[in-house]
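Next come a sequence and a model predicted from it.
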Amino acid sequence: MSNDSLKRLRHRIEDLDVQLLKLLSDRAAISVQIGNLKARNGLSIYDQGREDAIYRHLAQYNKGPLTTSEINRIFGEIISVSRKLQAHMASDDREQLAADSDTSTLGVNTSLYGLLGNPVAQSMSPLMHNAAFRILGIDAIYLPFEVNDLRGALAGVRSLRIQGASVTHPFKTSILGLIDEIDVTAREVGAVNTIVFEGDSIRGLNTDWIGAVRCIEGLLPVKDNRFVVIGAGGAARAVVFGITRQGGKVTLVNRTKDNGLALAKGFDLPFAPLSEIEGLSGDCLINTTPVGMYPNVGKTPVPKGVLGRYKAVVDIIYNPFRTRLLKDAEAEGCQVTNGLDMFLFQGAEQFRIWTGKEPPVGPMRDVVVEALNQI
Ligand SMILES: NC(=O)c1ccc[n+]([C@@H]2O[C@H](COP(=O)([O-])OP(=O)(O)OC[C@H]3O[C@@H](n4cnc5c(N)ncnc54)[C@H](OP(=O)(O)O)[C@@H]3O)[C@@H](O)[C@H]2O)c1
């Protein structure tokens, strides 16, 4: 390609960027008008149905080369900015409450939810659930509890009549023997990440697998595709369960053979040790190990050379946003996604279970992304 052709193409890109900027400014100005109207009529800024309709509308018109998930990601940002502009215009109490993290309305009727784990200090769950309560105007609060004695903690939450809780590391398996009822899918996954109080009884459920499937399906359908999943810990259980339940095929890979074989046997899957990853291929590679997580951001669980054998790569880590594995995979031409959607949608399902209401996924995502950007 001559230098002139390159220059011409770059000029066209610059012209298009200016047109895009103008269109985005026009769109933002209309959002401000909508914000004013909503404020005057006491309407909520957040409208999940309307946002879903925008994405459906765009999917209908998308003829490539961008994928639907790429379009959704770009418009997710645009919609998020519109929402902020509208919220800025609105002066109704609920929006103000969302912005200010006001706790002055908490009282004897406030519903209490929590997180049982150890450690819990870094968890984004309180931020995400409290934002959702505020956005929907629900009188509830979600608190992190650093638990040393799970049995004692469960007795405590029972007598305090907490409505529900998330369960995280290291209790997802040990809680199975301590609660009254276990949902059939949680039993099949072999882990509980959500508890709910029904009268005097505590029921355990699992929403991690739903988050995992939603995360993967942002890139490619699960059904009939071939997945290589690295890791055999708690997160791998949820990922493997979700994929097999939705009709995908899994090969399990793990550093320690005995741990890998134990999980593979439970789900009737083929197994390979991590040292033999070079001999494998598939449609999608998924990392469920902590390798590459902050602060060890230079690490990756697999050599870059193997990544070209996959169309897509998922890393369930979301801190950092783009792990070394995802950067390597992009360089090899793979579609990639991190674990933010897994986290977001497991939390959204918990919210639905506890409140019976449609979770405000957009604002829940916004607060987490904003917090992660500040780390
Ligand atoms: N996005 C989300 O919503 C979400 C949800 C849950 C967890 N996660 C993330 O997923 C990761 C794993 O969590 P988990 O609860 O499954 O942990 P876990 O139960 O401790 O399991 C860890 C797994 O990673 C493997 N592993 C650890 N260090 C390794 C290394 N240096 N090289 C190769 N393999 C290694 C372990 O293999 P061995 O058997 O050989 O020890 C094991 O299979 C964490 O980073 C966590 O933050 C994300």
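Perfect, I can see it now.

C-alpha from now on. contacts and neighbour counts both.
Will do.

buried sites along the longest helix along the chain?
Ordering each helix of the chain by length in residues (DSSP state H) puts helix 3-41 first. Residues 28, 31, 32, 34, 35, 36, 38, 39 are the ones in helix 3-41 that count as buried (16 or more other CA atoms under 10 Å).

Dump these to JSON lines, plus pLDDT.
Formatted as JSON lines, the buried residues of helix 3-41 follow (pLDDT from 0 to 100):
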{"residue": "28", "pLDDT": "84"}
{"residue": "31", "pLDDT": "83"}
{"residue": "32", "pLDDT": "79"}
{"residue": "34", "pLDDT": "83"}
{"residue": "35", "pLDDT": "79"}
{"residue": "36", "pLDDT": "76"}
{"residue": "38", "pLDDT": "77"}
{"residue": "39", "pLDDT": "73"}
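
if we can go back for a sec, show me what the longest helix of the chain is packed against.
helix 68-89 (3 or more CA pairs under 8 Å, 6 or more residues apart in numbering; DSSP states H and E).

For the helix it packs on, buried residues please.
Result for helix 68-89 [16+ other CA under 10 Å]: buried residues 68-69, 72, 75-76, 79, 82-89.

same deal with stretch 223-243?
226-232, 234-243.

Which one of the residues in the stretch 51-200 of the chain is closest to the ligand?
Nearest to the ligand, among the residues of the stretch 51-200 of the chain, is residue 169, at 6.3 Å (CA to the nearest ligand atom).

residues near that residue, how many?
Residues near residue 169, counting by other CA atoms under 10 Å, number 14.

list the contacts for it?
Counting by CA atoms under 8 Å, 6 or more residues apart in numbering, residue 169 touches 117, 118, 119.

try 10 Å
116, 117, 118, 119, 120, 193, 234 (CA atoms under 10 Å, 6 or more residues apart in numbering).

For it, grab phi and psi.
phi -50, psi 130 (degrees, to the nearest 10).

Just name the shakiest helix or strand of this protein by mean pLDDT.
Each helix and strand of the chain was given a mean pLDDT (mean pLDDT, DSSP states H and E); the minimum falls on helix 93-100 at a mean of 46.

elements contacting the helix or strand that that one is followed by?
Using DSSP states H and E, the helix or strand that follows helix 93-100 towards the C-terminus is strand 111-117. Applying 3 or more CA pairs under 10 Å, 6 or more residues apart in numbering; DSSP states H and E, one finds that strand 111-117 contacts helix 125-135, strand 140-146, helix 150-160, strand 164-167, strand 194-198.

model confidence over the last one, on average?
Confidence for strand 194-198, expressed as mean pLDDT, is 94.

Remind me what it packs against, helices and strands.
strand 111-117, strand 164-167, strand 181-182, strand 201-205, helix 340-355.

Mean pLDDT for the ones you listed - can I get that in a markdown table?
What follows is these, written out as a markdown table (pLDDT from 0 to 100):
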| stretch | mean pLDDT |
| --- | --- |
| strand 111-117 | 96 |
| strand 164-167 | 97 |
| strand 181-182 | 97 |
| strand 201-205 | 96 |
| helix 340-355 | 97 |
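
hey, which of these is tucked in deepest?
Comparing the helices and strands packed on strand 194-198 by mean neighbour count (mean count of other CA atoms under 10 Å), strand 164-167 ranks first with a mean of 25.

Can I get that one as PDB, trimmed to CA atoms?
Output of strand 164-167 as PDB, limited to C-alpha atoms (Å, rounded to 0.1, in the frame of the first residue of the first chain):
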ATOM      1  CA  GLY A 164     -30.300 -13.000  52.500                       C
ATOM      2  CA  ALA A 165     -26.500 -13.100  52.000                       C
ATOM      3  CA  SER A 166     -23.800 -13.800  49.500                       C
ATOM      4  CA  VAL A 167     -21.400 -16.500  50.400                       C
END
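
And the ligand, is that strand touching that?
No - Strand 164-167 is not in contact with the ligand by CA under 6 Å from any ligand atom; minimum separation 10.9 Å.

got it, and stretch 124-140?
No - Stretch 124-140 does not reach the ligand (CA under 6 Å from any ligand atom); its nearest approach is 10.3 Å.

Would you mark the buried spots in that stretch?
Neighbour-count burial for stretch 124-140 flags 124-136, 140 (criterion: 16+ other CA under 10 Å).

ok, now stretch 274-283?
So, applying 16+ other CA under 10 Å, buried residues of stretch 274-283: 274, 277, 281, 282, 283.

just to revisit the earlier point, could the buried residues of helix 68-89 be laid out in CSV, adding distance to residue 107?
Shown next, in CSV, are the buried residues of helix 68-89 (distance: CA to CA, whole Å):
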residue, distance to residue 107
68, 44
69, 42
72, 39
75, 39
76, 35
79, 34
82, 33
83, 29
84, 29
85, 31
86, 30
87, 26
88, 28
89, 29
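
State the pair within those that is farthest apart.
The largest separation in these, counting by CA to CA, is between 68 and 89 at 30.8 Å.
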